[in-house]
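*Asks:* pasting the sequence and the predicted model now:
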Amino acid sequence: MRNRRSILTIAALCTFTLWAAPADFTVQDDYFLLTGKPFQIISGEMHYPRIPRAYWRARFRMARAMGLNTITTYVFWNEHEPQPGVYDFSGNNDIAEFIREAQHEGLYVILRPGPYVCAEWEFGGFPAWLLKDQSLVVRSRDPKFMAATERWMRRLGHEVAPLQIGNGGPIVAVQVENEYGSFGDDHAYMQQMHHMLTESGFNRSLLYTADGPEEVPKGSLPGLPVGINFGGSDSPDAAKQAFDTYRKIRSGGPSLNSEYWDGWFDHWGGHHATTSTTNQAANLAWMLQRGDSVSLYMFHGGTSFGWMNGANSNGKNYEPDVTSYDYDSPLDESGRPTPKYFIFRDLISKATGVQPPAVPEIPPTISVPSFKLSESASLWNNLPNPVHSAKPLSMEDLDQSYGYILYRTQIAEAVVGELVLNALHDYAQIYVNGSRVGTLDRRLTQNHLHVELPAGARLDILVENTGRVNFTAVLRGERKGITKEVTLNGKPLTGWGIYPLPMTATSNLPYSSAACEGPCFYRGSFHIDQVGDTFLDTTGLGKGQVWINGRALGRMWEIGPQKTLYLPGPWLNPGRNEIVVFDLNGRPGRALQTRDKPDLGPTEYAK
């Protein structure tokens, strides 16, 4: 039986200590050792792209005040390598600074570099350009995939490997791949990933794998410690059941709950998930009192800003996630403590015998009165030059990752029949001579529409990428747009003009006061004296995207559940602020306002 008091004493000391001298983090028997002394990980997960950089330090202080000694984060490949060989570690992508700030606040770090991360994130963190070569197979030993991954891992190692604990940094552990046992059982692939990490410089911290308890045999590697992932909402003894299952597979090694699901996420067209804090607290208390190590997923969910929400699919359905990643976690989407935060804080303090720092005060939110979207620009009047192709091309074929894509062709002879989009990813509006005649939604397994086309008709198909699947092998085919062909009464349509619409320069369009209906950009502005967090009310809008001062804020869709978009104070200016809205179903004369509280929609209990 481990000496729990020694573990917890060391954990408490390390929480309040800054370090610079090289150290080590290892495993002995059934516990972790930090510089030779037992250490209990009490961690919380939060992701640097989901939190405005100006707030990183504040979130770390909230973690300390809850009693955490470690922060866990994924690394999001698609954010850092948007094009092959083009890297971005600036601004909100400065992961090294995120890690250094955690260290400055007295926190250790667990790094999860993937390359696959899941995380309800677009394409599970893979860059979309991997899909351009249709012969490349992600999450496999395909040499093309491995070459791209190795190049990326070496570049990441250059950024953050010096921050491992063996070099005097805060990174104590690095995860090999991510829940691979839920995807496959190719142990040679996992060995290659292990080798790739060490060759990329991740050899000065502890390497480990993580899977669901039942999937450990498929996803683990000999000689590496294992974390298990599970939730605590469905029953008060969920943790005991999970560890009992795990111990039938592995009798030795530390007890690490590498993802303790303390909430859940939301899909468009569903409800806002809430979870049982009572059951979660019971399971957390059980683990902490035993001296188990645990990482809360999520401690703070934040926001999948812009286009970065993922989606679920079993190969038949399609469930895109909303922009908010509030997750019903201890810190809400805007970083404010919830009742769950204080319950968990008390549990941790009781288990460790250590009183955490005082909970920092957070500035109040603000609200902005109604303001008009007084200018507009029609999508149809602002199309780029088309790419001409006999058959439809996907976004990836045209080196486009996110946004919309328009397919246009001319119909020679009058025809009545079935228009079939094979395979539509993900949401399409169909127009004949500029008039909308229908919509098709992958979410509703729709791919065909009865149409009447006069001779010489112009057929337009406007397609939205609503978020790539981030879980299951379905992700291997997650090209966006019309990914195969379009048929009319069973015959392929050819001769397409294709317009990529990544929507990266929406502020530079020729806006005017003229009325605009249908797919339109709308621009408005508001003035504030003092900045602060607020929540943009989207209830009067249709389906599309919002930008604030040039930043892609997130998606809106009238089907909900999400009815407000988190608008961070650091992204606002004292004085004038500009909002741009792209709405597929635009109407003139609308106004917006912000609120001082979020509306994430009607709730539904989620286990």
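*Replies:* On my side now, so go ahead. Numbering: from 1, shown residues only.
*Asks:* now do the strands in the stretch 51-200 of the chain.
*Replies:* 70-74, 108-112, 171-175 (DSSP state E, counting those that start in this stretch).
*Asks:* Val486 is nearest to which of the ones you listed?
*Replies:* Nearest to Val486, of all the strands of the stretch 51-200 of the chain, is strand 70-74, at 37.1 Å by C-beta to C-beta. For the C-beta atoms, the positions are set from N, CA and C on the backbone; glycine is no exception.
*Asks:* please look at Asn178 and Cys118 and confirm they touch.
*Replies:* Yes: using C-beta atoms under 8 Å, Asn178 makes contact with Cys118 at a distance of 6.1 Å.
*Asks:* okay, these two: which has more neighbours?
*Replies:* Counted by other C-beta atoms under 10 Å, Asn178 and Cys118 do not tie: Asn178 has more neighbours, with 27 against 20.
*Asks:* got a list of what that one touches?
*Replies:* For Asn178, the contacting residues are Tyr74, Arg112, Gly114, Tyr116, Val117, Cys118, Ala210, by C-beta atoms under 8 Å, 6 or more residues apart in numbering.
*Asks:* okay, now the unreliable bits of the stretch 51-200 of the chain?
*Replies:* Counting by pLDDT under 70, the stretch 51-200 of the chain contains no low-confidence range.
*Asks:* for Thr487, find the nearest of the strands of the stretch 51-200 of the chain.
*Replies:* strand 70-74 (40.4 Å).
*Asks:* so what does that closest one touch, helix or strand wise?
*Replies:* Where contact means 3 or more C-beta pairs under 8 Å, 6 or more residues apart in numbering; DSSP states H and E, strand 70-74 is packed against strand 42-45, helix 95-104, strand 108-112, strand 293-297.
*Asks:* can you give me the angle the second one makes with strand 70-74?
*Replies:* In this case it means helix 95-104. Between helix 95-104 and strand 70-74, the angle comes out at 170 degrees (axes from the mean of the first three to the mean of the last three C-alpha atoms, to 10 degrees).
*Asks:* helix 95-104 packs against which elements?
*Replies:* Packing partners of helix 95-104 (3+ C-beta pairs under 8 Å, 6+ apart): helix 56-66, strand 70-74, strand 108-112, helix 143-160.
*Asks:* so which elements touch the longest one?
*Replies:* Yep, that's helix 143-160 we're talking about. Packing partners of helix 143-160 (3+ C-beta pairs under 8 Å, 6+ apart): helix 77-80, helix 95-104, helix 187-199.
*Asks:* now, of these, which is deepest in the fold?
*Replies:* helix 77-80 (a mean of 22; mean count of other C-beta atoms under 10 Å).
*Asks:* now it - C-alpha only, PDB.
*Replies:* Extracted C-alpha coordinates of helix 77-80, given in PDB (Å, rounded to 0.1, in the frame of the first residue of the first chain):
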ATOM      1  CA  TRP A  77      -1.200  20.100 -35.300                       C
ATOM      2  CA  ASN A  78      -3.700  21.800 -37.700                       C
ATOM      3  CA  GLU A  79      -3.200  25.100 -35.800                       C
ATOM      4  CA  HIS A  80       0.600  25.000 -36.100                       C
END
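*Asks:* in contact with the spatially closest residue to Val160 that is not a sequence neighbour, which residues?
*Replies:* Nearest non-adjacent residue to Val160, counting by C-beta to C-beta, 6 or more residues apart in numbering: Ala96, 5.4 Å away. Going by C-beta under 8 Å, 6+ apart, Ala96 touches Phe89, Glu159, Val160, Leu163.
*Asks:* out of those, grab the one that's most surrounded.
*Replies:* Counting by other C-beta under 10 Å, top hit in the contacts of Ala96: Val160 with 24 neighbours.
*Asks:* check whether that residue really touches Ile99, as I assumed.
*Replies:* Yes: between Val160 and Ile99 there is a contact under C-beta under 8 Å: 6.2 Å.
*Asks:* between these two, which contacts overlap?
*Replies:* Common neighbours of Val160 and Ile99 (C-beta under 8 Å, 6+ apart) are Leu111, Ile171.
*Asks:* now for Met46: which residues touch it?
*Replies:* Arg59, Ala63, Ile71, Thr72, Thr73, Met298, Phe299, His300, Gly301, Gly302, Leu331.
*Asks:* ok so, going back, which one of the contacts of Ala96 is nearest Ala377?
*Replies:* So of the contacts of Ala96, ranked by how close each gets to Ala377 (C-beta to C-beta), first place is Phe89, at 33.7 Å.
*Asks:* which phi and psi does the closest one have?
*Replies:* Note on Phe89: its backbone torsions stand at phi -120, psi 30 [degrees, to the nearest 10].
*Asks:* try Leu331
*Replies:* Dihedral angles of Leu331 (phi, psi; degrees, to the nearest 10) stand at phi -100, psi 130.
*Asks:* again with the one 5 residues further on
*Replies:* Main-chain dihedrals, Arg336, degrees, to the nearest 10: phi -100, psi 140.
*Asks:* my guess is it contacts Ile362. True?
*Replies:* Yes: checked against C-beta under 8 Å, the pair Arg336 and Ile362 is within contact range at 5.7 Å.
*Asks:* what about Val216, which helix or strand?
*Replies:* According to DSSP states H and E, Val216 maps onto helix 216-219.
*Asks:* now that helix: average pLDDT?
*Replies:* The predicted model assigns helix 216-219 a mean pLDDT of 98.
*Asks:* what helices or strands is the helix or strand that it is followed by leaning on?
*Replies:* Per DSSP H and E, the first helix or strand lying C-terminal to helix 216-219 is strand 226-231. With contacts taken as 3+ C-beta pairs under 8 Å, 6+ apart, strand 226-231 sits against strand 206-211, helix 238-249, strand 256-261.
*Asks:* contacts for strand 226-231, please.
*Replies:* Residues from elsewhere that reach strand 226-231 (C-beta under 8 Å, 6+ apart): 175, 179, 208-213, 216, 220, 238-239, 242-243, 246, 250, 253, 256-262, 264, 275, 280, 295, 297, 607.
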